[in-house]
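1. Structural data only, the sequence is not supplied:
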């Protein structure tokens, strides 16, 4: 290892809207080191990785690559400098073949005419990787895991000197994960620096030289992995519990109350594997899991916007067939989706139209709208929810995240749903609006509505829910009474602290000591 | 973690909707005044009535096309539907000897062909741009097939009453346009259907998650567009008194251009009927102006093209959120 680090960052900061994703992070990555980045959801580890890889640009701070200060940094410039990012959201060209994707942008050519010999170069690469992918198949016919492998081969084809891997094993099987770790070892022996962002602490401990723990956009500490354990890492991730201003939970429904919603052994695709859960009227049930664990997919299957491959879903004791969002809403269900701008709001339409959209039948006669009644109902509701600015026909695209979220609550409260799914209801929302939303959730449950709460903020899940299901890799790995647990315990279970390799959960992560 | 930053360009954000809303009207008035002042033959009752009447069929297509574009679609088959519906109208009038049945068959044919468009888009999940591009070839071929490549002349003089007649100085075509535009504007602004069209165009996923039958709403907009092309065809075929398989060539592009000129966003979710009508007549005035001024016709297309390009650019600026 030479004295000069491969990559070093100083006082790097990045803000997304009202969220400080990264604040004043200073860190260096030595040449030829495998460096793990760990932290809770939203700790800023992916943001840091993407900044080094050229996908994001910092607001303030410096980035040095092989001793040179970089100013205008993007994916192309990063690649030219030997820094390759393998993002979690894969970016392959679906219609091109495996080999074409691997060498995309690195084609040998004379005056723009491609040389033959792609196959030969591909075979050389394959000797190292042994992924066994067919070179001439379009990548859109490959599974996500195989596409991930193409990404890795692509990084190798670029002779990358620094590779940032963002959750590379999230969709790989144990076998494939082991092979990835072999490749990482091989790359390391050639002097390549690997920045390894992952949720799998055991992988970090087994394969990284050093590990950096992040929390709330800040760097907590960097240490040799030999001096860390799973428990010490989780402890560092947790930090001080934040002041959450959580309201009192509503009284729990009796254990003998008939369930409102019931999922029994439901499977759907690769992300929902044998899920069984119940929600009773007036109960707040949390789904806790790491990003990508399948929480959202479970909610979407329950709401009918993704089909279930097998299993049974029942609402008020009746089996749900021919599921669709429309049918679910007609039954009295509602969902506030994860991404409020992309999935929840029609941004170019005024506020009141967004609120009444699912309920127009009630405001019309023979298809003709009664606009006065519509506006009056919305005006009353946004007054009650404290939406600011309080304009019935306000332009919601410029409203703050918290107020947009309140508008979405208004949208469903207008219909008095019996069951409400909340997917990340406080993401990107400021503290004041959060408190208001917590109170709303409690009020809704107190009125007898069953609530399924998904959140990356475990404090929120623990503080509001009656019961919490733990989700890991598409399966529920446990159920706990929220009053008898803590964020720390949840986090340890989600990260698999205490699991031994022989009794590991039905996950696919490689345990290969 | 998604960025949720509010847009900082508040000044632009306030001016833009205004420009988008009234640009077409301002341009129309400006051109109207310019032509009135600079030539003597423009501001005559005959010329104005002619412009109104001649472009009424196109305006009817553009009115319905506005709903399609607001809903996030494109209908490139209206020209071909116009041709088929006109040809069928003439054929029916000749075969059955009934001009009335002939003229009534045009809207019916238009609605059926529009329904087929809607079904192929929603059932086969083909983008409307491609689906209607393909169907316009099919329909165009159908029109040629029905006529065998010739004209179908309708001998009965009453067949031309719809296209050439009127109430006082106002042609039926203009009255039909007025009624159709009013009905469409009402549909868009005062009914649940209109609200669904706006929402589906604005954010199909949010609409779906709100329990709206997104596919059905889309299908209805294409049916409506086909119906409009059929109504326009009845007027067109009645005006010339014969069914011609090429009659609608190019109409679809003019109609879409007029809708875009009217500031309806090609990304869906925003738009107004009256502005599309203004768009049609803006194009018509450019055309008429060049004729009256005896200007080089090369500049006519060039001017039209530049105006459309400017309108689209304006529409695209909205996109940056």
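-> Thanks, I have the structure now. These numbers were taken from a predicted model, which means no experiment stands behind them.

2. Do you have the helices of chain B handy? List them.
-> Taking DSSP state H as the test, the helices found in chain B are B:10-38, B:45-54, B:56-70, B:78-96, B:99-123, B:128-147, B:161-164, B:172-190, B:192-202, B:204-209, B:214-240, B:251-261, B:273-293, B:297-317.

3. closest to residue A:235 out of these?
-> Closest to residue A:235 of those is helix B:204-209 (CB to CB; 39.3 Å). C-beta coordinates here come from the backbone N, C-alpha and C atoms, glycine included.

4. Looking at the closest one now, give me its mean pLDDT.
-> Helix B:204-209 carries an average pLDDT of 95.

5. could you say what helices and strands it packs with?
-> Packing partners of helix B:204-209 (3 or more CB pairs under 8 Å, 6 or more residues apart in numbering or on different chains; DSSP states H and E): helix B:192-202, helix B:214-240.

6. lowest-pLDDT helix or strand in chain A?
-> Across the helices and strands of chain A, mean pLDDT, DSSP states H and E gives its lowest value to strand A:113-114, namely a mean of 62.

7. Now do the helix or strand following it: which elements does it pack against?
-> Using DSSP states H and E, the helix or strand that follows strand A:113-114 in sequence is helix A:118-129. Helices and strands touching helix A:118-129, by 3+ CB pairs under 8 Å, 6+ apart, are helix A:98-102, helix A:144-157, helix A:174-189.

8. list the buried ones in helix A:118-129?
-> Across helix A:118-129, burial judged by 16 or more other CB atoms under 10 Å in any protein chain shown covers A:118, A:121-122, A:125-126, A:129.

9. what's the most distant pair in these?
-> Every pair of the buried residues of helix A:118-129 checked by CB to CB; the farthest is A:118 and A:129, at 15.8 Å.

10. Residue B:247 and residue B:117: what is the separation?
-> Separation of residue B:247 from residue B:117 (CB to CB, to the nearest Å): 19 Å.

11. Which one of these two is surrounded by more residues?
-> When residue B:247 and residue B:117 are compared for neighbours, residue B:117 comes out ahead with 32 against 23, by other CB atoms under 10 Å in any protein chain shown.

12. What residues sit buried inside stretch B:47-66?
-> Buried, per 16+ other CB under 10 Å, within stretch B:47-66: B:47, B:51-66.

13. anything in the strand or helix carrying residue A:410 sitting right up against chain B?
-> Secondary structure assignment for residue A:410, by DSSP H and E: helix A:401-413. Yes. Remark: helix A:401-413 sits within contact range of chain B at A:401, A:411, by CB under 8 Å from any CB of the partner chain.

14. contact partners of that helix?
-> The contact list for helix A:401-413, computed with CB atoms under 8 Å, 6 or more residues apart in numbering or on different chains, reads A:17-18, A:334, A:336, A:340-341, A:344-345, A:351, A:354-358, A:378, A:381-382, A:385-389, A:396, A:399, A:420, A:425-430, A:432-434, A:436-437, A:440, A:444, B:4, B:210.

15. Report all helices and strands that whichever helix or strand comes after it contacts.
-> Where DSSP H and E defines the elements, the next helix or strand beyond helix A:401-413 is strand A:419-423. With contacts taken as 3+ CB pairs under 8 Å, 6+ apart, strand A:419-423 sits against helix A:295-303, strand A:333-336, strand A:450-454.

16. Give me the distance between the second one and the centre of its chain.
-> From the chain centre to the centre of strand A:333-336 is a distance of 20 Å (CA atoms, centre = their mean, to the nearest Å).

17. With stretch A:117-136 instead?
-> Relative to its parent chain, stretch A:117-136 has a centroid offset of 32 Å by CA atoms, centre = their mean.

18. and if you look at stretch B:143-150?
-> Here the centre of stretch B:143-150 is set off from its chain's centre by 25 Å, with CA atoms, centre = their mean.

19. The residue most central in space within chain A in helix, strand or coil?
-> The centroid of chain A falls nearest to residue A:291 when counting by CA atoms, centre = their mean (3.3 Å). Secondary structure assignment for residue A:291 (DSSP: H, G, I helix; E, B strand; the rest coil): coil.

20. Would you confirm that it contacts residue A:41?
-> Yes. Here residue A:291 reaches residue A:41: they are 4.9 Å apart, a contact under CB atoms under 8 Å.

21. what touches both of these two?
-> Residues touching both residue A:291 and residue A:41 (CB under 8 Å, 6+ apart) are residue A:456.

22. quick revisit: and chain A, which of the buried residues of stretch B:47-66 reach it?
-> Among the buried residues of stretch B:47-66, no residue sits close to chain A (CB under 8 Å from any CB).

23. Share the number of residues neighbouring residue 259, please.
-> In the absence of a named chain, chain A is used. Residues lying near residue A:259 (other CB under 10 Å) number 18.

24. wrong chain, I was asking about chain B
-> Residue B:259: 32 surrounding residues under other CB under 10 Å.

25. Please apply the same query to residue B:303.
-> 15.

26. how close does it sit to residue B:165?
-> Using CB to CB, residue B:303 is found at 34 Å from residue B:165.

27. now residue B:51
-> For residue B:51, the distance to residue B:165 equals 18 Å [CB to CB].
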